[in-house]
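J.: Next input, structure requested:
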Amino acid sequence: MHLAALSRRTLAHALAAATLVIAVGTLTAGAASAATPDVSVTSGVLGIGPIADSANGCSGPVCIYVTGTGLNVSDWATSVYLSKSMCTRASFLVNGVLWASGGNQCGSAGVELVSDWSDPGNFPNGTVLCNTWSGVSGKPCETVHS
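T.: Have a look, this model is predicted:
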């Protein structure tokens, strides 16, 4: 993975570790997933400063933050900036297949929601990781490479 420029939405990820995190059960798909991953939900966070990501990007209001070295992903998070009051859920896609999803989160216009998958593990070279949020357009992706 490569070091990418930090987006303004990286600020929400910086506070995620200091905010109350609720572990939720998740859905998984795909033969490569041996156990159900824990995806945590952090709702309505306010950023205090940027943190370094191995790769990140945004597609409209949806952002992806992938941290790791080579083919190992140590953390994978996503955020969404709400333009209206709504409830939504994060999806973690591996090569277009849903591998995990965050819990349902609700917020008002102007709130940024974050969902984090801690230690998702190793992925084959060339694996494409993407995030979506239900009811929100945007699908940022990053490619795992050594």
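
J.: And the strands in the chain, which stretches?
T.: 22-24, 39-42, 55-59, 62-69, 72-81, 86-88, 90-94, 97-101, 105-107, 112-122, 128-133, 141-143 (DSSP state E).

J.: Compare those and say which comes out lowest on pLDDT.
T.: Here the strands of the chain differ in mean pLDDT, and the lowest is strand 22-24 at a mean of 26.

J.: Show the contacting residues for residue 84.
T.: residue 109 (CB atoms under 8 Å, 6 or more residues apart in numbering). The C-beta positions use only the backbone N, C-alpha and C, and glycine is treated the same way.

J.: any idea how far residue 98 is from it?
T.: As judged by CB to CB, to the nearest Å, residue 84 and residue 98 stand 25 Å apart.

J.: for residue 88, same thing?
T.: 15 Å.

J.: which one of the two has more residues nearby?
T.: residue 88 (20 against 15; other CB atoms under 10 Å).

J.: which of the residues in stretch 100-110 are buried?
T.: 100, 101, 102, 103, 105, 107 (16 or more other CB atoms under 10 Å).

J.: What is the nearest of those to residue 124?
T.: residue 100 (17.3 Å; CB to CB).

J.: any idea of the pLDDT on residue 18?
T.: In this model, residue 18 carries a pLDDT of 29.

J.: Please renumber the chain so that the first residue is 26 from this point on.
T.: Okay, residue one is now 26; in that scheme the one you just asked about reads as residue 43.

J.: ok, the nearest residue to residue 131 once chain neighbours are set aside - contacts?
T.: Using CB to CB, 6 or more residues apart in numbering and skipping the chain neighbours, the partner closest in space to residue 131 is residue 112 (4.1 Å). Counting by CB under 8 Å, 6+ apart, residue 112 touches 129, 130, 131, 160.
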